[in-house]
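J.: Need coordinates for the below:
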Amino acid sequence: MASTQPTFASSVVHAVGQVSTANANRDGTGTITTVYTVDNSGGAIVDLVRVVATGTTTAGMVRIYLNDGSNTRMVKEITVDAVTASGTVPADSSAWVPIGDLILEDAHSIRASTENAEEFNVFVFGRLL
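T.: Sure, this is the predicted structure:
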């Protein structure tokens, strides 16, 4: 008899990395920060990537990459707006929700870089398979 109980992921993923070194490359080279790497857990699904500036920003991009253990490929560019952050003006922030399931296998990782030399926290939210 088929189970009527829903199947949930075994554990949530919440990882954060910080990027701040300017890197205009889109080809996976240059300074790129590893934000999250799947351990030997059987894989993970990425549900959301959030990028939050820590201060004032100029117009540019934060780039999100997938690494399969050998190759790094850009998967998303997230627009950064010019914002003078203050006590009454929030710093720039954006979120990316992948369309469909973004599934990472063991040893695969999410990486990030910033076009301009400005500091961003990059959060990855998801679940282990």
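J.: where in the protein is pLDDT low?
T.: Across the chain, the ranges flagged by pLDDT under 70 are 1-10.
J.: For it, just list every one of the strands.
T.: For the chain, the strands defined by DSSP state E cover 12-19, 33-37, 44-53, 60-67, 72-80, 93-96, 102-104, 109-114, 120-128.
J.: I'd like the ones you listed written out as TSV, with distance to residue 25 added.
T.: No exception for glycine: its C-beta is placed from N, CA and C like everyone else's. TSV is the format used below for the strands of the chain (distance: least, C-beta to C-beta, whole Å):
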stretch	distance to residue 25
strand 12-19	13
strand 33-37	14
strand 44-53	18
strand 60-67	8
strand 72-80	9
strand 93-96	19
strand 102-104	22
strand 109-114	8
strand 120-128	17
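J.: quick one, which of these is nearest to residue 87?
T.: Residue 87 lies closest, by C-beta to C-beta, to one member of the strands of the chain: strand 44-53, at 15.2 Å.
J.: got the CA coordinates for that closest one in CSV?
T.: Extracted in CSV, the C-alpha atoms of strand 44-53 (Å, rounded to 0.1, in the frame of the first residue of the first chain):
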residue,chain,number,x,y,z
ALA,A,44,20.9,19.1,-1.5
ILE,A,45,18.2,21.3,-3.1
VAL,A,46,18.8,25.1,-3.1
ASP,A,47,15.5,26.9,-2.5
LEU,A,48,16.7,30.5,-2.2
VAL,A,49,19.9,32.6,-2.4
ARG,A,50,19.8,36.0,-0.7
VAL,A,51,22.4,38.7,-1.2
VAL,A,52,22.6,41.5,1.4
ALA,A,53,25.0,44.4,1.2
